[in-house]
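predicted model follows, preceded by the sequence.
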Amino acid sequence: MVSTVIQPVVEVRKVVKNFGETAVLRGLELALPPGEVTVLLGPNGAGKSTLLRILAMLTQADSGSVSIHGVDLAQKGPTARGLTGSVLHSPMLYADMTVRENLIFFAGLYRLRDIDDLIASNAVRVGIESNLDDRVRTLSHGFQKRVALARALMHEPRLLLLDEPESGLDSHSVSRLDNVIDEYRHAGRTVVMTTHIVEHGLEIADRAVVLSGGVVALESPSPAGDSTSILAAYSEPHEQRSPQGSAL
Amino acid sequence: MIDSLAVIWSIGRKDLLLELRNKDVVVAVAGFALLIMVIFTFSLNLSQDSARLIGPGVLWSAVAFAGVTGLNRAFSLEVEGNTLEALMLAPVSRDLIFLGKALGNFLFITVALVVVLPVFAVLFNLVIFRWEMLAISLLTTVGFSAVGTLFAAMSVRVRAREVMLPLLFLPVVTPLIMAAVESTSHMVNGRSWSDMSEWLQLAVAFDVVFLVVSAFVFQHILED
């Protein structure tokens, strides 16, 4: 009998991150398999956004190691960044450039070819095809987030990182986002997202990870069935701790 | 190599496009430099000899002080929109981001110099449109851009960044200002290339060292 070992897409080993005296991640361990949508849950300060920022390589862990598709982030940052697409809290767009100019600029940084076709197809995907020549400054926050999503998708990343992607979106935009996430799942790609809308997160996720106090409090490979225990872990109070472990 | 140059040009061109729309940086740099020169011209009773003596110092001090204003603005725009993080998400090494931002600053200061130099020539009644002046201006602008981009990135998250940037920038570029002033002084006094060569060599060495060192240090500044 031949057993197949599935290589995790995201491998987080003993990651510690402190901001001054505050310990945000305390030896966090996590391994996420490919082709799944994982939702990171947890109360404010649990370390969800910090973990996503570490995966996006915007923040460095103080210790521990992180790899994406086997690529160590500390060793091969640019390669690993090419494998990920990120939509974080802020849309991170140039307000005085048009949507098209923004997308052309970022496509250049990702060294993409056939940029016009890529922009057209991704604009349709997120519903901004009629806004391509509008300056970003004139768009609502929800539309700016759609542009940020189009930018994240242009290079067809193997790992999509979404930090509270539904914030500022209307229900129509949320359902477009769900379609993109679904499309990703069916293409065998991986999505890691955070959300505070727990019910919605559990509905679309294949796996739920509850963070609390900078460590994984609960991991469920079948979130729909485990919703009671997930909600219990989510609402459990936690203390912010100093790097030495004493309560602050 | 071509890919790297394309990334650097892409960032520089983007900064130029934004500047063409806002005109924040060039207007600030050129306006401030012109103001300093006009104040000096009216407050000093300039003869031809004294203009040759103090003109180069006034010119490059004005450009250095005015440059600080523009450098501050150029980087704070990236932070206000969180777009610096968008650059950091791209699969390019951080030193290419540095070189792209430095290219943008180089273009801004160059455009400002195109406005400032003719006014300087008229106010101080000096003949400066010579090849020597082109070389001095290019070397000085490269050094200002390299050091300025680095320190603008360092000070951009500091609350008192308007104060911090000149405190960091001006002492470091002093050798470059000296090289620019001395070379310009030799030029306006009709000396040859060979007379100013050691100052130009100093400027070249400054540019090479600070381009390399700044690109290296910049990577660590971007990480928190």
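Now that the structure is in, tell me what you want to look at. What you see is a predicted model; the values in this text were computed from it and never measured.

next, count neighbours for residue A:72.
14 (other C-beta atoms under 10 Å in any protein chain shown). Just so you know, the C-beta spots here come from the backbone N, C-alpha and C atoms, and that holds for glycine as well.

then the one 10 residues further on?
Neighbourhood size, residue A:82 [other C-beta under 10 Å]: 19.

mind listing what it touches?
When contacts are counted by C-beta atoms under 8 Å, 6 or more residues apart in numbering or on different chains, residue A:82 touches A:110, A:155, A:157, B:91.

what sits against residue 36?
All of this is about chain A. Neighbouring residues of residue A:36 by C-beta under 8 Å, 6+ apart: A:185, A:190-191, A:206-207.

chain B was what I was after
B:58, B:61-62, B:65-66.

what subset of these is buried?
Buried residues within these, counting neighbours by 16 or more other C-beta atoms under 10 Å in any protein chain shown: B:58, B:61-62, B:65-66.

now distance to chain A and pLDDT too, for those, in JSON lines please.
Listed next are the buried ones among the contacts of residue B:36 as JSON lines, based on distance: C-beta to the nearest C-beta, whole Å; pLDDT from 0 to 100:
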{"residue": "B:58", "distance to chain A": "34", "pLDDT": "94"}
{"residue": "B:61", "distance to chain A": "32", "pLDDT": "93"}
{"residue": "B:62", "distance to chain A": "28", "pLDDT": "93"}
{"residue": "B:65", "distance to chain A": "27", "pLDDT": "90"}
{"residue": "B:66", "distance to chain A": "23", "pLDDT": "89"}
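
phi and psi next, for residue A:34.
Main-chain torsions, residue A:34, degrees, to the nearest 10: phi -70, psi 160.

got it, and residue A:39?
phi -110, psi 130.

that one touches residue A:197, doesn't it?
No. The criterion here is C-beta atoms under 8 Å, and residue A:39 misses it with residue A:197 at 9.9 Å.

okay, those two: which has more neighbours?
Of the pair residue A:39 and residue A:197, residue A:39 is the one with more neighbours under other C-beta under 10 Å, namely 27 against 14.

partner residues bridging the more buried one?
residue A:193, residue A:208 (DSSP bridges).

residue contacts, it?
A:193-195, A:201-202, A:204-205, A:207-209, A:223 are the contacts of residue A:39 under C-beta under 8 Å, 6+ apart.

quick check: residues of chain B near chain A?
Contact residues, chain B versus chain A (C-beta under 8 Å from any C-beta of the partner chain): B:3, B:6-7, B:10-11, B:14, B:17-18, B:21-22, B:81-83, B:85-93, B:223-224.

can you rerun that using 6 Å?
Neighbours of chain A within chain B, by C-beta under 6 Å from any C-beta of the partner chain: B:3, B:10, B:14, B:18, B:21, B:81-83, B:85-86, B:88-93, B:223-224.

longest helix in chain B, please.
For chain B, the helix with the greatest residue count under DSSP state H is helix B:48-80.

pull the residues that contact the very next helix or strand once past that one.
Using DSSP states H and E, the helix or strand that follows helix B:48-80 in sequence is helix B:83-89. Residues from elsewhere that reach helix B:83-89 (C-beta atoms under 6 Å, 6 or more residues apart in numbering or on different chains): A:58, A:86, A:92, A:94, B:78, B:97, B:222.
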